[in-house]
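Chemist: fold the following for me, if possible:
(2 chains)
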Protein chains: 2
Amino acid sequence: MTDPKQPTRTLHVAVDAMGGDHAPGVVLEGVEAALAANPALSVALVGDADVVEPFAASHARCQAVVSTEVIGMDEHPAEAVRRKKDSSVVVGCRLVKEGRAEGFFSAGSTGACLAAGTLVIGRVKGVLRPALVTVVPSPVRPIVLGDIGANADCKPEYLVQFAVMESIYANKVLGIARPRAALLNIGAESTKGSQFAQAAYRLMEEGLDNFAGNAEGGDILTATYDVVVTDGFTGNVCLKTIEGTAKVLLGAVKGVMGKSTLTKLGALPLVGPLKGLKAQISPDTYGGAPLLGLKGALLVGHGSSNAQAICSGVLATAKLVEEGVTETIADALSASEKR
Amino acid sequence: MTDPKQPTRTLHVAVDAMGGDHAPGVVLEGVEAALAANPALSVALVGDADVVEPFAASHARCQAVVSTEVIGMDEHPAEAVRRKKDSSVVVGCRLVKEGRAEGFFSAGSTGACLAAGTLVIGRVKGVLRPALVTVVPSPVRPIVLGDIGANADCKPEYLVQFAVMESIYANKVLGIARPRAALLNIGAESTKGSQFAQAAYRLMEEGLDNFAGNAEGGDILTATYDVVVTDGFTGNVCLKTIEGTAKVLLGAVKGVMGKSTLTKLGALPLVGPLKGLKAQISPDTYGGAPLLGLKGALLVGHGSSNAQAICSGVLATAKLVEEGVTETIADALSASEKR
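Modeler: Model prediction:
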């Protein structure tokens, strides 16, 4: 995820020191690694004074921003964001809103991040709904999938914008020159699927240059398309189904290997390559899901993030900033409005 | 799937000799195996005269029923069912409608089977929509999932009935004493999910004795619940995602094993157990998806069915008949109407 080129400008990223199941320990470790990996990165570390101040004092390109509250994983997201104005998530988003940072990374409550992103940073003009987007790690090649849960209820027109934003992300962040965007549906033909899916198909066919038709559930991990667009309900079910299926199946393969002395011995030369496969399909590689369509970069990490995932997440946020994803989305969606 | 008990009565099952990518060859092979496996089975074999008559003449407990048309995989299902009244799918359903068979199995066009089932066999009184249901093969244990595509657009009240029908299926066919039924959703709490999912949750909580709350995508293959209920759009995406993920991951594991002479040698003792795992998670083991809620048993097989899958499908149809799944559904749903 790091850029081998010389830094042309400083990338200002705010990081939530208090977010995640293993915060602040792994967050500090991850930030340290990210600072070392990208010399253009400058971090505004948000959290309790006794956490962020000593770290900032001992690290170059890191500034402490003290917050006094934390939003818990079990709090009602929008209520907590409104009430806890000095929480690390709200303060981090405010830094972006005020232009003191260009992006914010948090491994805290996804709901709180989505609410704070929308309420504090705000949407780009013309964006109907921001989309939570992920890179699905496949052994074939990475695929962009979204919305994965920011919008459980969608209108067909949202999906056209999701496709535009996700295609920009695939292009700028994954480096896919001309990403092919498909609609997640239950059949190949345009007349297949729910009323909603059929309406989305018509709008996407009409409004997109890179529309590739319908994708089915079996077409995701095979990387038949670069971008798979869906509503937040279906996308969330789909992503969690992929993760759950991978976990159960790789567990079963491991079980097969441990069956006898013979299989254990036989499996020895496979341990290394299988770990490589596991790393290939690990969400930690990509560090988090961006909420696209806001006036600034926001990346939400897994609550269970380890230091490597935090590092990837901070670097991915810097990449969003560096590649000007926010600005490109703003240009594209104001342009599509004028059509 | 066979019952070791002595047959108490004859189970009359109609089979579509013309359905599936490898028909009629694999169908005849599969029927032969099914007749050998279950002495209570009697098959009405539907199809072209030159296919069904010689087979019936040379097999006990098999009767030929000649049909002159076939519905192709690419025809519009409902139109084809209305137009081709002498197609094997329509004739098979008519045998059930007229009481000459108690169940029908076809590996032909799923759409045509669903249309013919609904239009020709007809719904049980009180059933709002029939549900297409599958057994998801998991290395943990089998899970019942539905609807998987008969109803792309659902009302929340349909899902309560799907749960009742799927629970009866899990009980009668998989032998689960008290199946726990969950709603597929994007969060554990009752307030999570789309408006549709929230409404379905309330109705299921109110109307079901065995409701176990929300399941997420990651809870399917882990067999956290016995029955997972959803609309036909989400269910189809979910099932195909599981199949696609399994295919890609097991392919990648195979790739890892073939990497070098050392890994190839090491993998040798694993080949047998991995084939066992592959069989465990193969849809062929269950032979097809029943459309529950019709006045008779209807089971739809994969178009790509091999002889083993056809055999499993015919035996599973006989099992639906033997266990009185249709009658139990009729009792349960007329009882729920009276509440």
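Chemist: can you count the residues close to A:Pro156?
Modeler: Per other CB atoms under 10 Å in any protein chain shown, the neighbour tally for A:Pro156 reads 18. From N, CA and C alone the C-beta is placed, and that goes for glycine too.
Chemist: give me phi/psi at A:Ser106?
Modeler: Note on A:Ser106: its backbone torsions stand at phi -140, psi 140 [degrees, to the nearest 10].
Chemist: so it sits right up against A:Val89, yeah?
Modeler: Yes. At 5.7 Å, A:Ser106 counts as touching A:Val89 under the criterion of CB atoms under 8 Å.
Chemist: now do the shared contacts for those two.
Modeler: By the contact definition CB atoms under 8 Å, 6 or more residues apart in numbering or on different chains, A:Ser106 and A:Val89 are jointly contacted by A:16, A:19, A:113.
Chemist: pick out the residue closest to the middle of chain A.
Modeler: For chain A, the residue nearest the mean C-alpha position is A:Ala289 (1.1 Å; CA atoms, centre = their mean).
Chemist: which strand residues bridge that one?
Modeler: Counting by DSSP bridges, A:Ala289 is bridged to A:Val300.
Chemist: correct me if wrong: it contacts A:Leu132.
Modeler: Yes. Using CB under 8 Å as the test, A:Ala289 is close enough to A:Leu132 to be in contact (5.3 Å).
Chemist: list residues touching both of the two?
Modeler: A:146, A:148, A:300.
Chemist: how many neighbours does the last one have?
Modeler: Right, the one you point to is A:Val300. Residues contacting A:Val300 under the criterion other CB under 10 Å number 30.
Chemist: what separation do you get for it and chain B?
Modeler: A:Val300 sits at a distance of 15 Å from chain B (criterion: CB to the nearest CB, to the nearest Å).
Chemist: now do that residue, the pLDDT please.
Modeler: Looking at A:Val300, its pLDDT is 96.
Chemist: surely it and A:Tyr286 touch.
Modeler: No. In this structure, A:Val300 is not within contact of A:Tyr286 by CB under 8 Å, at 11.7 Å.
Chemist: I'd say A:Leu95 and A:Ala44 touch.
Modeler: Yes. Under the criterion of CB under 8 Å, A:Leu95 makes contact with A:Ala44 at 5.7 Å.
Chemist: show me whatever sits in contact with both of these two.
Modeler: Shared contacts of A:Leu95 and A:Ala44 (CB under 8 Å, 6+ apart): A:14, A:65, A:101.
Chemist: need phi/psi at the last one.
Modeler: By that I understand A:Ala101. Main-chain dihedrals, A:Ala101, degrees, to the nearest 10: phi -140, psi 150.
Chemist: again with the first one
Modeler: Summarising the backbone geometry of A:Ala14 under the convention degrees, to the nearest 10, its torsions are phi -90, psi 140.
Chemist: mind checking pLDDT for A:Lys254?
Modeler: 82.
Chemist: how close does it sit to B:Gln198?
Modeler: 38 Å (CB to CB, to the nearest Å).
Chemist: which of the two has more neighbours?
Modeler: For A:Lys254 versus B:Gln198, neighbours defined as other CB under 10 Å are more numerous around B:Gln198 (17 against 13).
Chemist: surely the more buried one meets B:Ile186?
Modeler: No. Judged on CB under 8 Å, B:Gln198 makes no contact with B:Ile186 at a distance of 10.8 Å.
Chemist: quick one: the helices in chain A?
Modeler: Using DSSP state H, the helices assigned to chain A run over residues A:25-37, A:49-57, A:77-83, A:88-97, A:110-116, A:156-172, A:195-207, A:232-257, A:261-280, A:307-322, A:325-338.
Chemist: so A:Ala56 sits against A:Ala64, correct?
Modeler: Yes. Judged on CB under 8 Å, A:Ala56 makes contact with A:Ala64 at a distance of 3.7 Å.
Chemist: point out where the stretch 1-150 of chain A drops to low pLDDT.
Modeler: For the stretch 1-150 of chain A, the stretches with pLDDT under 70 are A:1-7.
Chemist: show me what from it comes close to chain B.
Modeler: For the stretch 1-150 of chain A, the contact set with chain B under CB under 8 Å from any CB of the partner chain comprises A:138-140, A:149.
Chemist: any idea how far the residue nearest to the centre of chain A lies from B:Ala112?
Modeler: To B:Ala112, A:Ala289 is 41 Å away according to CB to CB.
Chemist: equivalent analysis for A:Pro24, please.
Modeler: From A:Pro24 to B:Ala112 the distance is 60 Å (CB to CB).
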